[in-house]
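Peer 1: Okay, here's the prediction I keep looking at, along with the sequence it came from:
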Amino acid sequence: MSVRRDQHPLYALYEWTLRPATRVALLLGAAILLSSLAAVSASHQTRQLFGELERARLEHDRLLEQRGRLLLERSTFSAYNRVESVAVETLGMQAPAPSDTRLVQP
């Protein structure tokens, strides 16, 4: 027993897909699916980039804090009385006596 071509179950589906309205509907459905996948991807990428931004901000704050400590330490070590005490204690230096001082004029 043979089934005629127009009576086959898949033939109705084939005819349905040939209609212009069906083609437009399928095309629009595919466009909606692709658009939603792109939105999900963009959202995921935004979350990843925001996490990286927050890590960079934390690192920036940490480095600013460290810079402040280092500037304070540098000012401590370059203070005049600190330089004088290191020169006297470590290097055995002393200020010259007034008799050892000469005035040079141009």
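Peer 2: Cool, got the structure.
Peer 1: Going by C-alpha atoms from here, please, whenever you check contacts or count neighbours.
Peer 2: Fine.
Peer 1: pLDDT value on Gly51, please?
Peer 2: On pLDDT, Gly51 comes in at 97.
Peer 1: Where does it sit, in terms of helix or strand?
Peer 2: Using DSSP states H and E, Gly51 sits in helix 20-77.
Peer 1: Skip ahead from that helix and say which helix or strand is next.
Peer 2: Following helix 20-77 in sequence order, the next helix or strand is helix 80-89 (DSSP H and E).
Peer 1: Distance check, Leu53 against Asp61.
Peer 2: Between Leu53 and Asp61 the computed distance is 12 Å (Cα to Cα, to the nearest Å).
Peer 1: In the protein, where is pLDDT below threshold?
Peer 2: Where the chain drops to pLDDT under 70, the residues are 1-6.
Peer 1: let's see 90
Peer 2: Scanning the chain for pLDDT under 90 picks out 1-26, 74-106.
Peer 1: Setting aside sequence neighbours, what's the nearest residue to Val83?
Peer 2: The shortest distance from Val83 to any non-neighbouring residue, by Cα to Cα, 6 or more residues apart in numbering, is to Phe77 (7.2 Å).
Peer 1: tally of neighbours for that neighbour?
Peer 2: By the criterion of other Cα atoms under 10 Å, Phe77 has 13 neighbours.
Peer 1: Kindly report the same for Ser99.
Peer 2: Residues lying near Ser99 (other Cα under 10 Å) number 6.
Peer 1: Over to Gln94?
Peer 2: Neighbourhood size, Gln94 [other Cα under 10 Å]: 11.
Peer 1: Perfect, that will be all.
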